[in-house]
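1. no sequence on this one, just coordinates:
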């Protein structure tokens, strides 16, 4: 892990951390402070004899208790530094921002390689030679691979604090209540509890999760252990889950009950196709009991109401995040058995998601979400009735988990959950397709990031420059994996020996010189010392940090070029006058090794390293751009929905196609709650379906964070 980056005090202060830390380089620029509300950015507030009336620290995630505590501590320190005192750039800008920079708002995480801190000062309300100071802090850490999935886009809107990694620090306990309503399941409530023990990275499972939802008509409980790992190879992220689930869900003719135990593995590849796509795949093995209490309905002859079962699932897909678009397509195959021998049923699922969003005006986002799902069931033996397709206003997932959600049933919000199922063959469909469209427009909103800053051209340029710097650091990291670099590193001990030998020869020559060429001897010894220090550092470092130390030895780093400086200082400037054969021989040995090292370095495939780094950072760049320019902390949006679903076999009025237009309202408040309330009509309703249905979902934020 390495720290790299630059911190600037211009229109903003930006620290881009490509792994863990930041080297600070500060420039105080009085004319570049952002000024709002009656203040001029060209005013020199120090020579103008302004005093600081008040100061405060602003962080949009201050509703999180750990951030709130840090903000409170910082505010007290800065108030004692500047409040009631004459404005001085060195104090109000340099020292205050260094206090903020020293505060750690993000936890170290092995799963996140990119951390970004935006720290900047605005000067406001300049009246009567007094002014107010607002110090803005935005700290983010974005998983490079998972930021390109539709699931991450959903989290980005509903809980941006999770997208930027602000929930990783603090309490190891995460608790988020939830609720909902539909006509089948009625009003339900529940939540999700996750425990992530500190210092548990060595364990195969990093978290324990219990999730539940219940009402007078339904119940759902699951408990699972989850582990995961990130890698710099082609398999960028992998995770494994052991899960137990127990549930009971209603239809209009009885209930389904199940108890299942499963183990699964899922993985995400590195980005490819210029960083625009990632691949995903996984498998699950599970089994348990499936039971039903359906009454007064026909069942197909190859269907059983109650049975034990065993199944295996495989699934794969591709996801992409482009500007203003997220797209994913997934395929799943389930092979199931009720007999324990042979395959009794095969289930195929195809699921395509697309979301488009675009700002119409400042942070007034129009969002269009669409989803197309198809399914087919083949039954060479016997199949549990609950494994057939039952549609309605609630979705069923092909496998458990949050990081990848494949829908596995026909969803139509105009029909209550599990009531769209009657076909020509009986209860439960053998094939289906469904299309769901949701459009919303944020009429009222409060941006996560100040609009004035997100539109500032200098800030955008500086931020893009820091992302470019981080990409370069990633390129160095990938270059350090090249075989030629490995060959080069193996030559470093020989370089160190040659430098030590040259040092000894030069010291002997200096002793014999009688005080001549003192300045030249000093310059030569200094250059040998610095070069030796760089070699020792390179031998003790790894990955990108090692690459940087090696680069400093060579002409490619024009500011360092330490080996060439040794050859110049000890050869041309010193031995050009001294004419020592011993120094000449020692320099020749060093120069030969230097040429070999440089040849190895020039053999590194920089184009491939650059391509991989650009691909690695693509989703991070787009996610950050969305967070700054488009995501709202608070929004109220009218919603329009349209669903169409078909189940088969269809004959004599059973099965067939249903439509569901509707509308509603969506309310989002990242600090507290997100909910959607609406109604969809069912113009061609069948018995038991109803003329329409209310849909409602509610999610609150993590109570312990």
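-> That came through fine. No experiment lies behind these values; they were computed from the predicted model shown.

2. List the buried residues for stretch 390-405?
-> 390-396, 398-401, 403-405 (16 or more other C-beta atoms under 10 Å). C-beta here means a position set from N, CA and C on the backbone, and glycine is covered the same way.

3. Can you measure across it, start residue to end residue?
-> 18 Å (C-alpha to C-alpha, to the nearest Å).

4. so where's the longest helix in this protein?
-> The helix of greatest length in the chain, counted in residues with DSSP state H as the criterion, is given as helix 483-512.

5. Show the subsequent helix or strand relative to that helix.
-> Next along the chain after helix 483-512, taking DSSP states H and E as the criterion, comes helix 518-540.

6. What is that next one packed up against?
-> helix 483-512, helix 543-551, helix 562-567 (3 or more C-beta pairs under 8 Å, 6 or more residues apart in numbering; DSSP states H and E).

7. ok, residues contacting it?
-> 489, 492-493, 495-496, 499-500, 502-503, 506-507, 509-510, 513, 546, 549-550, 552-553, 560, 562-563, 565-566, 568-570, 573-574, 577-578 (C-beta atoms under 8 Å, 6 or more residues apart in numbering).

8. Could you chop the protein up by domain?
-> 13-141, 146-154+211-448+636-696, 483-604 (automatic domain parsing).

9. Worst mean pLDDT among the ones you listed?
-> Mean pLDDT values for these show the minimum at domain 13-141, a mean of 75.

10. Find the helix or strand that residue 636 is a member of.
-> strand 632-651.

11. circling back: tell me which residues in the longest helix of the chain are buried?
-> Here helix 483-512 shows 485, 487-489, 491-492, 495-496, 498-499, 502-503, 505-506, 509-510 as buried, counting by 16+ other C-beta under 10 Å.

12. closest to residue 177 among those?
-> residue 485 (51.4 Å; C-beta to C-beta).

13. Apart from its chain neighbours, what residue comes closest to the closest one?
-> Leaving aside its sequence neighbours, residue 485 sits nearest to residue 604 (C-beta to C-beta, 6 or more residues apart in numbering; 5.5 Å).

14. So the one you found sits against residue 486, correct?
-> No. Residue 604 lies out of contact with residue 486 (C-beta atoms under 8 Å); the separation is 10.0 Å.

15. before we move on, the earlier item: and the buried residues of stretch 390-405 as TSV, adding secondary structure and distance to residue 598?
-> Below are these laid out as TSV (DSSP: H, G, I helix; E, B strand; the rest coil; distance: C-beta to C-beta, whole Å):
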residue	secondary structure	distance to residue 598
390	coil	68
391	strand	67
392	strand	69
393	coil	67
394	coil	65
395	coil	59
396	coil	61
398	coil	54
399	coil	52
400	coil	54
401	coil	50
403	coil	45
404	coil	46
405	coil	51
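
16. Nearest to residue 191 among those residues?
-> So of those, ranked by how close each gets to residue 191 (C-beta to C-beta), first place is residue 400, at 16.2 Å.

17. if I look at the closest one, how far off is residue 642?
-> Look at residue 400 and residue 642: by C-beta to C-beta, to the nearest Å, they are 29 Å apart.

18. cool, residue 232 as well?
-> Separation of residue 232 from residue 642 (C-beta to C-beta): 44 Å.

19. just to revisit the earlier point, show me what the longest helix of the chain is packed against.
-> Right, helix 483-512 is packed against helix 518-540, helix 543-551, helix 562-567, helix 581-602 by 3+ C-beta pairs under 8 Å, 6+ apart.

20. Return the distance of the shortest one from the chain's centre.
-> Taking C-alpha atoms, centre = their mean, to the nearest Å, one finds the center of helix 562-567 at 43 Å from the center of the full chain.
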